[in-house]
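*Asks:* need a 3D model of the following:
(chains A, B, C and D)
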There are 2 protein chains.
Amino acid sequence: MKLMGISERKQKILHAVVTDYIQTAEPVGSRTISRRYRLDLSAATIRNEMADLEEMGYLSQPHTSAGRIPSQSGYRFYVDNLMDQAELTAQEEDYIRRLFLQLDKMREIDQIIQYTAKILSQLTNYTSLVLGPQFRRSAFKQLRLIPLDDNKALVVLITDTGFIRNNLIDLPQALNQEELGRIISCLNEQLAGLTIEGLTAARLRQLRGTLYNRLDILEQTLNMLEEIRAESESRVYLGGTSNILNQPEFQDLAKVRRLLSLFEEGKRLNFLLETPVEGVNIRIGTENNLREMSECSLVTATYLLHGRPVGAVGVLGPTRMEYARVVAIIEKITSRLNDLLKAL
Amino acid sequence: MKLMGISERKQKILHAVVTDYIQTAEPVGSRTISRRYRLDLSAATIRNEMADLEEMGYLSQPHTSAGRIPSQSGYRFYVDNLMDQAELTAQEEDYIRRLFLQLDKMREIDQIIQYTAKILSQLTNYTSLVLGPQFRRSAFKQLRLIPLDDNKALVVLITDTGFIRNNLIDLPQALNQEELGRIISCLNEQLAGLTIEGLTAARLRQLRGTLYNRLDILEQTLNMLEEIRAESESRVYLGGTSNILNQPEFQDLAKVRRLLSLFEEGKRLNFLLETPVEGVNIRIGTENNLREMSECSLVTATYLLHGRPVGAVGVLGPTRMEYARVVAIIEKITSRLNDLLKAL
DNA sequence: TTTAGCACTCTTGCGGCGAGAGTGCTAATA
DNA sequence: TATTAGCACTCTCGCCGCAAGAGTGCTAAA
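*Replies:* Next comes the predicted model:
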């Protein structure tokens, strides 16, 4: 009796509590359930079951004589076992279609990703956060130096995944074409096969040693490489920040401030989205491993570029989140996003 | 007597009220002033003067028996005539020095600007907002097409101010070098002397007509140009968003939400910073011409690139802002920023 | 095993009340 | 005539108590 799993009836009641609480944000009592959900049980019976569920850790009580609210494990059980699949409404479908029309015109990948964040937040009414494509694993392909005039040249870096970065550098006066060519081809040789994240300080020092002559050009180029590596780490975009204020659990200014400050620290958000696992992922409360987010849930999904998952989009809300709806939306959006990126 | 200007004594009292209210955020009463400020006047006298100042529109009363708070014109008068120059503390100077050390390493101008926003907000404890350099007025200099392999090429656009953008395009199979060269030099000819903002849809249509052959490449390049123009419009970065929550005037969630939503609409922030006038500029409350900002003040300053003002940094706070301190900080920061940009 | 009934607990909203702060007015003062 | 002291008045704010409402756990009956 003590160790038995969670009975069918308990599951139904848990389901009712979770969905009701998600909707109303009010602790839900036994009366409410027996009235609103067709379980054909009296309030008293439900009360007993709820007491059990509380003891099992799936529900909790804000205070003695209030209704129950789901605990973190309650949500977890709901998400894993009880949640039913949501359908998008016709309006939502339509809305997505219209917004993606805008997207079709964009070519710049970061721009697309940013706009996706906006769509996601508008559709869900939660805050969205997306991670720009991570080029850290991209392999170095080609380094080009394009003279513009007598004392300026453009250094262009290209990776196998189509990531391009460039920078202006100053050319020293006395430098002929051949020498320039030699430096570049030497650099190309040295860099061949490296990934962006492989451009460590140590590696760059090593290169500096190899190409000790013509230090001036080299210095500028290496600086550029270092910068690219540094930059490739934090590219988190947010959408609908103000939406968190719609949630009754964030009427408390202190909580809001903590979250907002967190949002400003791009670096700390990074790892939230670095899900190596493909597909939709749900992390509830403390599962996020972030103090500030212990009362938030995050639904993420990866998107693909050249067939590989290179980034993720996510929806951030209170643990009392409309999981079913959010999952449906995020699945739809990433699938459309992937189509779009395939065409790039 | 009725039409006379504001007497010296009234100015002193107004000065006291404003500084005190800026510090405490509490309506300030006559007693407080006679005690805290060495005006050698009794509370009663000050009361009379304050009643006058209220009638003149410089002060107002939240309710009958409360102290006075400055009105918008009160702040305006203070800023124009009464405000004394603030000095930075040694710690602040030191802090700035340390943070700018970080900045010295950066080469990417947008990155520098963004980091400046962060410094500004940390130093002032208000929200900062900065406008990235506007390249709209930059003149077109050169368009390059660099073949990468058999079916990809890189289009590079360069302006006279050193702004660089590039894009990958697909090359059609049958296309020899000469023809490619011809297209590019033709485009260069047509674009010569144009500014970025001059790349209007009409102009692009016209180009499309001129170069009606080889439409495929052209199309992609023109799309790129259009995108650059569109993008060059909204580049506002925010720093220290959560700082507004520290202000007692923003304990009201509704107000916070309105501001946060505004922050998300980059486009609408744009014009706030498009100050054609060089130097420090203060706009108080409704002077910002933005409903959401009728209770906020904005202190802005332009920064220079190649000797021309191309963007602005700003500090956003409640009208009850520490104007003197903010002005001192913003002057310091832009001066250092300008030095930094000169070296780029 | 389920359910009805009941006593008990805890939150929430509301009205009243007193303290505190500040004002405007009047009359006294320099 | 300008300044100041004194005083009655007003308004906010926090606190207290109270009643209503919602929900529980327990007991006893079905």
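*Asks:* the stretch 151-300 of chain A: helices as residue ranges?
*Replies:* Per DSSP state H, counting those that start in this stretch, the stretch 151-300 of chain A carries helices over the ranges A:177-191, A:201-210, A:215-231, A:253-264, A:266-273.
*Asks:* enumerate the residues of the stretch 51-200 of chain A near chain B.
*Replies:* Proximity of the stretch 51-200 of chain A to chain B (C-beta under 8 Å from any C-beta of the partner chain) is limited to residues A:105-108, A:111, A:142, A:144, A:146, A:148, A:154, A:156, A:158, A:162, A:164, A:166-168. (C-beta placed from N, C-alpha, C; glycine too.)
*Asks:* now with 6 Å, please.
*Replies:* Residues of the stretch 51-200 of chain A lying near chain B by C-beta under 6 Å from any C-beta of the partner chain: residue A:166.
*Asks:* strands of the stretch 51-200 of chain A, start to end?
*Replies:* A:59-60, A:69-70, A:127-131, A:140-147, A:152-159, A:164-170 (DSSP state E, counting those that start in this stretch).
*Asks:* list the buried ones in the fourth one?
*Replies:* By 16 or more other C-beta atoms under 10 Å in any protein chain shown, the buried positions in strand A:140-147 come out as A:140, A:141, A:142, A:143, A:144, A:145.
*Asks:* partners of it, with directions?
*Replies:* strand A:152-159 (antiparallel) (DSSP bridges).
*Asks:* the inter-axis angle of the strand it pairs with versus strand B:164-170?
*Replies:* Relative orientation of strand A:152-159 versus strand B:164-170 (axes from the mean of the first three to the mean of the last three C-alpha atoms, to 10 degrees): 50 degrees.
*Asks:* quick check: buried residues in the helix-or-strand element of chain A with minimal mean pLDDT?
*Replies:* Within chain A, no helix or strand scores below helix A:215-231, which has a mean of 74 by mean pLDDT, DSSP states H and E. Across helix A:215-231, burial judged by 16+ other C-beta under 10 Å covers A:217, A:218, A:220, A:221, A:222, A:223, A:224, A:225, A:226, A:227, A:228, A:229.
*Asks:* in a strand, that's where residue A:40 is, yeah?
*Replies:* No. The assignment for residue A:40 is coil, going by DSSP: H, G, I helix; E, B strand; the rest coil, so no strand is present there.
*Asks:* separation between it and DNA strand D?
*Replies:* 16 Å (C-beta to the nearest atom of the strand, to the nearest Å).
*Asks:* try residue A:261
*Replies:* 26 Å.
*Asks:* re the thing from before, of the strands of the stretch 51-200 of chain A, which is nearest residue A:311?
*Replies:* Across the strands of the stretch 51-200 of chain A, residue A:311 has its closest neighbour in strand A:127-131 (4.6 Å, C-beta to C-beta).
*Asks:* what about the closest one, distance to the chain center?
*Replies:* The chain centre lies 5 Å from the centre of strand A:127-131; the measure is C-alpha atoms, centre = their mean, to the nearest Å.
*Asks:* ok, residues contacting it?
*Replies:* A:113, A:117, A:120-121, A:236-241, A:243-244, A:273, A:311-316 (C-beta atoms under 6 Å, 6 or more residues apart in numbering or on different chains).
*Asks:* pairing partners for it, with directions?
*Replies:* With DSSP bridges as the test, strand A:127-131 pairs up with strand A:236-239 (antiparallel), strand A:308-318 (antiparallel).
*Asks:* quick one: closest of the ones you listed to DNA strand C.
*Replies:* strand A:308-318 (17.1 Å; C-beta to the nearest atom of the strand).
*Asks:* now look at the next helix or strand after that closest one and say if it contacts chain B.
*Replies:* Elements were assigned by DSSP states H and E; along the chain past strand A:308-318, the next helix or strand is helix A:323-342. No. Judged by C-beta under 6 Å from any C-beta, helix A:323-342 makes no contact with chain B; its nearest approach is 13.8 Å.
*Asks:* so what does helix A:323-342 touch, helix or strand wise?
*Replies:* With contacts taken as 3 or more C-beta pairs under 6 Å, 6 or more residues apart in numbering or on different chains; DSSP states H and E, helix A:323-342 sits against helix A:109-124, strand A:296-305.
*Asks:* angle of it against strand A:296-305?
*Replies:* Orientation of helix A:323-342 against strand A:296-305 (the same axes, to 10 degrees) gives an angle of 20 degrees.
*Asks:* flag every buried residue along helix A:323-342.
*Replies:* So, applying 16+ other C-beta under 10 Å, buried residues of helix A:323-342: A:323-331, A:333-334, A:336-338, A:340-341.
*Asks:* okay, residue A:205 and residue A:143: tell me how far apart.
*Replies:* Distance, residue A:205 to residue A:143, using C-beta to C-beta, to the nearest Å: 18 Å.
*Asks:* this completes my enquiry, with thanks.
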